[in-house]
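# Here is a sequence together with a model predicted from it:
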Amino acid sequence: MFPLRDENPTARRPVATPLLIGANALCWVVLQGFGTDPWLAESFCRYALIPGDLLGHVEFGQTIRVSETRACVFDGSADPHTLITSMFMHGGWLHLLGNMWFLWVFGDNVEDAMGPWRFLAFYVLCGLAAAFAQVATDPASPVPMVGASGAIGGVMGAYALLYPRARVHTFIFLGFYITTLAVPAVFMLGYWFVLQVLSGLPALGQTGGVAFWAHVGGFLAGLALVLPLRRADYVAAHRAQQTSRHRW
């Protein structure tokens, strides 16, 4: 299932969501050279989150190859800044475009409920929770981890809780059969979450691959943080709307 758009207009024009998309795109261009070597490989070594490096489980001088011509060499010092920078790095064009599309579809409504500044804080906190979740599953891994997927997983968790009945138009891929279908957000996003858990279970104890547990950690963080970070006027308007519907 791939989201195309949602039937959920916002009361305010999004500000933080396009800024985040722009920041990711800028990093892709300036720091990752549009995904070409040597810039892509060097960005993994400098800005990606490497669990084993962060926790001191890799040996000084150890190397890991990240391209045919490049390898990361560990210098024995932890780089905590990669908890943030890794959120703005991506492994390829499809990785970047897919993440940014999900953020565009679901981010504006979550930002609408929080306001731009709270949404930015929410996004970073979800990204950190996602990183810690992935590190916890493989703390000695020397493999670089990149992507905004964990933070966007938090956005998706928040959306599912705030707007469970909003209709999301999706592409449905069933082998060679492709169609579109509008489904409730809680169904589409719940399906995505369950898929991450089921895909992550066989990956426990393995090194490399998709960071499924980062997605899970981000989604759960979004569920936990969205209600405390809502705007007061959004809460009041939502309650008034619910009361009006009940009377009707």
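Everything's here; your move. Keep in mind it's a predicted model, so treat the numbers as computed, not measured. Numbering: from 1, shown residues only.

# how about the helices in this structure?
16-30, 39-47, 51-54, 82-85, 93-114, 116-137, 149-162, 185-200, 212-225, 232-247 (DSSP state H).

# right, so of those, which gets closest to residue 66?
Closest to residue 66 of the helices of the chain is helix 39-47 (Cβ to Cβ; 4.7 Å). Placement of C-beta: from N, CA and C, glycine included.

# counting contacts, what elements does that closest one pack onto?
strand 71-73, helix 82-85 (3 or more Cβ pairs under 8 Å, 6 or more residues apart in numbering; DSSP states H and E).

# Please tabulate these in TSV, including the columns mean pLDDT and distance to residue 22.
Listed next are these as TSV, based on pLDDT from 0 to 100; distance: least, Cβ to Cβ, whole Å:
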stretch	mean pLDDT	distance to residue 22
strand 71-73	90	28
helix 82-85	96	16
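
# could the ones you listed be laid out in a markdown table, adding mean neighbour count and distance to residue 10?
Below are the helices and strands packed on helix 39-47 laid out as a markdown table (neighbours: other Cβ atoms under 10 Å; distance: least, Cβ to Cβ, whole Å):
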| stretch | mean neighbour count | distance to residue 10 |
| --- | --- | --- |
| strand 71-73 | 15 | 42 |
| helix 82-85 | 17 | 27 |
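
# picking that back up, out of the helices of the chain, deepest packed?
A comparison of the helices of the chain by mean neighbour count, using mean count of other Cβ atoms under 10 Å, puts helix 149-162 on top with a mean of 28.

# Can I get that helix as PDB, trimmed to CA atoms?
Extracted in PDB, the C-alpha atoms of helix 149-162 (Å, rounded to 0.1, in the frame of the first residue of the first chain):
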ATOM      1  CA  SER A 149      12.000   6.900   8.100                       C
ATOM      2  CA  GLY A 150      12.000   6.700  11.900                       C
ATOM      3  CA  ALA A 151      11.000  10.300  12.400                       C
ATOM      4  CA  ILE A 152       8.300   9.900   9.700                       C
ATOM      5  CA  GLY A 153       7.100   6.800  11.400                       C
ATOM      6  CA  GLY A 154       6.400   9.000  14.400                       C
ATOM      7  CA  VAL A 155       4.400  11.300  12.200                       C
ATOM      8  CA  MET A 156       2.400   8.400  10.900                       C
ATOM      9  CA  GLY A 157       1.700   7.200  14.500                       C
ATOM     10  CA  ALA A 158       0.500  10.600  15.400                       C
ATOM     11  CA  TYR A 159      -1.700  10.800  12.300                       C
ATOM     12  CA  ALA A 160      -3.200   7.400  13.100                       C
ATOM     13  CA  LEU A 161      -4.200   8.600  16.600                       C
ATOM     14  CA  LEU A 162      -5.400  12.000  15.600                       C
END
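
# Could you pull up the residues touching residue 91?
146-147 (Cβ atoms under 8 Å, 6 or more residues apart in numbering).

# rewinding a little: got the helices and strands packed on helix 39-47 as a markdown table, with distance to residue 33 columns?
As requested, these are arranged in a markdown table below (distance: least, Cβ to Cβ, whole Å):
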| stretch | distance to residue 33 |
| --- | --- |
| strand 71-73 | 17 |
| helix 82-85 | 16 |
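
# Between the two ends of stretch 73-86, how far is it?
18 Å (Cα to Cα, to the nearest Å).

# what comes into contact with that stretch?
45-50, 53-56, 58-63, 124, 127-128, 131, 142, 144-147.

# before we move on, what about stretch 107-125?
Contacts of stretch 107-125 (Cβ under 8 Å, 6+ apart): 6, 8, 10-12, 14-17, 19-20, 84, 87, 151-152, 154-155, 158-159, 162-163, 166, 221-222, 225-226, 229-231, 234.

# how much space is there between the residue nearest to residue 44 when sequence neighbours are not counted and residue 31?
If the residues on either side of it in the chain are set aside, residue 44 comes closest to residue 144, at 4.2 Å by Cβ to Cβ, 6 or more residues apart in numbering. Distance, residue 144 to residue 31, by Cβ to Cβ, to the nearest Å: 14 Å.

# Alright, that wraps it up for me.
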